[in-house]
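[1] next input, structure requested:
(one chain, ligands or ions: 1)
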Amino acid sequence: MRSAVCPGSFDPVTNGHIDIFERASKMFDVLIVAVFHNPNKHPLFEMEERVALLKQATSHIPNIKIDSFSGLLNDYVRKQDCKVVVRGLRALSDFEYEFQRALLNKKVASEIETVFMMTSSEYSFVSSSGIKELAKFAGDISELVPPCVAKAIVQHAHKI
Ligand code: ADP
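    Presented below is the predicted three-dimensional model:
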């Protein structure tokens, strides 16, 4: 069985992420979307909320599994008996960070490959932080996030 892990903060999940999930899920038997608990970040959505929103927003993808993890990505990937990490790439600015992370991970876990999927042009400008900024000022995000996220973010807008 060929599986891949797609890790991220997903604070919150956007249509850019969903597009990557839909495309990546066609290339593997199982795609595990893993929400990273980063102790250095203060997320807008709690871990449980991010997981719940991901589950709702991906219910149309049959071979997807939503999970969460803390600690080292490589340890999590090994525990899943998996050898592939999928990351999305938007702009040159993503490249520098992703390139370093992928090489570092490769150095310490040479059996795990990171593969990159290019964003679709219609989502190249969509980021979780941009969505939160728009929501703060009551901007229209309905085309950029799943409906459940658009609804949930209104309830959190005062915290942004
Ligand atoms: P992280 O905090 O790990 O960067 P994110 O939730 O911001 O987590 O992103 C998770 C992954 O999805 C990253 O690989 C990121 O580059 C990718 N990604 C985010 N937005 C988009 C988008 N609009 N199109 C393609 N990939 C994206």
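[2] now the helices for the protein?
    Across the chain, reading from the start of the chain, the helices by DSSP state H fall at 15-25, 47-57, 73-79, 92-108, 128-136, 147-156.
[3] wait, which of these is closest to the ligand?
    Put simply, out of the helices of the chain the one that sits nearest the ligand is helix 15-25, at 2.1 Å, with distance taken as C-beta to the nearest ligand atom. To be clear about C-beta, it is placed using only N, CA and C from the backbone, and glycine gets the same treatment.
[4] before we move on, the earlier item: how about the helices of the chain in a markdown table, adding mean pLDDT, distance to residue 67 and mean neighbour count?
    Listed next are the helices of the chain as a markdown table, based on pLDDT from 0 to 100; distance: least, C-beta to C-beta, whole Å; neighbours: other C-beta atoms under 10 Å:
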| stretch | mean pLDDT | distance to residue 67 | mean neighbour count |
| --- | --- | --- | --- |
| helix 15-25 | 98 | 13 | 20 |
| helix 47-57 | 98 | 8 | 19 |
| helix 73-79 | 97 | 8 | 16 |
| helix 92-108 | 94 | 18 | 12 |
| helix 128-136 | 96 | 18 | 17 |
| helix 147-156 | 96 | 18 | 16 |
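[5] distance to residue 35 for these - can I get that in CSV?
    Putting the helices of the chain into CSV (distance: least, C-beta to C-beta, whole Å) gives the following:
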stretch, distance to residue 35
helix 15-25, 11
helix 47-57, 5
helix 73-79, 11
helix 92-108, 17
helix 128-136, 12
helix 147-156, 14
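[6] next one: residue 70 from the ligand, what distance?
    When C-beta to the nearest ligand atom, to the nearest Å is applied, the distance between residue 70 and the ligand equals 13 Å.
[7] could you find the closest non-adjacent residue to that residue?
    Setting aside the residues directly before and after it, residue 70 is nearest to residue 37 in space (C-beta to C-beta, 6 or more residues apart in numbering), at 3.9 Å.
[8] surely the one you found is in contact with residue 48?
    No - contact status for residue 37 versus residue 48: not in contact, 11.0 Å apart, counting by C-beta atoms under 8 Å.
[9] could I get stretch 83-93 in PDB with only the CA atoms?
    Taking C-alpha atoms only, stretch 83-93 is exported to PDB below (Å, rounded to 0.1, in the frame of the first residue of the first chain):
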ATOM      1  CA  LYS A  83       8.100   6.900   3.000                       C
ATOM      2  CA  VAL A  84       6.800  10.000   1.300                       C
ATOM      3  CA  VAL A  85       6.000  13.500   2.500                       C
ATOM      4  CA  VAL A  86       4.000  15.800   0.200                       C
ATOM      5  CA  ARG A  87       4.300  19.600   0.500                       C
ATOM      6  CA  GLY A  88       2.700  22.300  -1.700                       C
ATOM      7  CA  LEU A  89       4.800  25.100  -3.300                       C
ATOM      8  CA  ARG A  90       3.400  28.500  -4.100                       C
ATOM      9  CA  ALA A  91       6.100  31.000  -4.800                       C
ATOM     10  CA  LEU A  92       9.800  31.400  -4.700                       C
ATOM     11  CA  SER A  93       9.500  32.500  -1.100                       C
END
